[in-house]
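**Q** Predicted model follows, preceded by the sequence.
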Amino acid sequence: MSNAVTTERVVVVGAGLMGTGIAHGFAASGFAVTLVDPDAAALERAVGNIGKIFADGVRLGKMSDGEAGAARARLTTQADLARALVNQPAALVVETATENMAIKVAIVREADRLLPAESVIASNTSALSLTEIAAATQRADRVLGMHFFNPVHKMKLLELVRGLATSDSTVARARAWGDALGKTTILVNEEPGLTTSRMSAMMGNEAMYMLLEGVGSAEDIDTALRVGFNHPMGPLELGDLTGWDTRLAVLKYLHATLGEKFRPCPLIQKMVNAGRLGRKSGKGVYEYADGQRVPGSGLKAR
């Protein structure tokens, strides 16, 4: 983690899993960060989780107590986006709202109205159209995707997504921010599902079809990918971590835009209907207690 201090300020909109990780990453790398969410409980939970990441960093010798304290001091919270932007200028706004175009458009319109002309708006969307999001603003050349991966403080990849109007200078600024965060950046042109979401969605969807068909147990399907292909996490474990509601929304979008091969497995819809969303609900393909997977708890679809 960097202890360099930058004069740039970042506003992260959405205090969910990804917003928490992104806010932590910028604060740890020297940026003043405001995390925005109208849900006070979500903000409190996010601040607690960020504090835990810093505490773990100190315990593991990755940063000193002083560095952790300074980073925590750089993080503030706000319930209202307008209040977060009016008094202090921000170089970057990162929206991390749910995968819903109307919600994202409302956020970027508000940010566009209040930000200085030179500021950049980034979306952490994993599938939706950056060009459509950017079209809701008067600065389409300064809008791009910055797709982070969970958990942000461990995953090194940052997928930069160029919309139709995104300028070279905006991409260069985003690369510099990625470098400051210690990320490896790749640049992709906007297409449904980008690169990683498209591949991950298909793999997770197929794994769910195999579970539905009784090809193998959840644990054996995940072990096949971990051990046979050296993946750090199996596709069903990853779906639990991402959230099956999020995975379902992405699959529905990819099915509508890219065709039949992305039709969501019916078992995913059943799980979402049942509230088995993954780690965040305590039950997904597996069950969880105190953040740890319960041994032998794999969902039996047949």
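**A** Happy to help now that I have it.
**Q** Residue 53: which element?
**A** According to DSSP states H and E, residue 53 maps onto helix 40-59.
**Q** I meant to write residue 30 there.
**A** Counting by DSSP H and E, residue 30 is found in no helix or strand.
**Q** for residue 121, same thing?
**A** Assigned by DSSP H and E, residue 121 falls in strand 120-123.
**Q** Give me the contacts around the next helix or strand along the chain from that strand.
**A** Beyond strand 120-123 on the C-terminal side, the first helix or strand identified by DSSP H and E is helix 130-134. The contact list for helix 130-134, computed with C-beta atoms under 8 Å, 6 or more residues apart in numbering, reads 101, 104-105, 108, 121, 123, 125, 140, 143-145, 161-166, 190. In this view, the C-beta of every residue, glycine as well, is placed from N, C-alpha and C.
**Q** Okay, residue 143 and residue 223: tell me how far apart.
**A** 41 Å (C-beta to C-beta, to the nearest Å).
**Q** One more: residue 275?
**A** Residue 275 is 27 Å from residue 223, by C-beta to C-beta.
**Q** give me the low-pLDDT residue ranges for the chain?
**A** 1-5, 301-302 (pLDDT under 70).
**Q** Apply 80 and report the result again.
**A** 1-6, 127, 193, 291, 301-302 (pLDDT under 80).
**Q** Would you map the helices across it?
**A** Taking DSSP state H to define them, one finds helices in the chain at 17-28, 40-59, 65-73, 81-86, 101-114, 130-134, 168-180, 196-213, 218-228, 235-242, 244-258, 266-273.
**Q** Now tabulate these in JSON lines and tack on mean neighbour count and distance to residue 157.
**A** Shown next, in JSON lines, are the helices of the chain (neighbours: other C-beta atoms under 10 Å; distance: least, C-beta to C-beta, whole Å):
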{"stretch": "helix 17-28", "mean neighbour count": "26", "distance to residue 157": "13"}
{"stretch": "helix 40-59", "mean neighbour count": "16", "distance to residue 157": "18"}
{"stretch": "helix 65-73", "mean neighbour count": "15", "distance to residue 157": "22"}
{"stretch": "helix 81-86", "mean neighbour count": "17", "distance to residue 157": "27"}
{"stretch": "helix 101-114", "mean neighbour count": "18", "distance to residue 157": "22"}
{"stretch": "helix 130-134", "mean neighbour count": "21", "distance to residue 157": "18"}
{"stretch": "helix 168-180", "mean neighbour count": "16", "distance to residue 157": "10"}
{"stretch": "helix 196-213", "mean neighbour count": "20", "distance to residue 157": "7"}
{"stretch": "helix 218-228", "mean neighbour count": "17", "distance to residue 157": "18"}
{"stretch": "helix 235-242", "mean neighbour count": "25", "distance to residue 157": "14"}
{"stretch": "helix 244-258", "mean neighbour count": "21", "distance to residue 157": "17"}
{"stretch": "helix 266-273", "mean neighbour count": "17", "distance to residue 157": "24"}
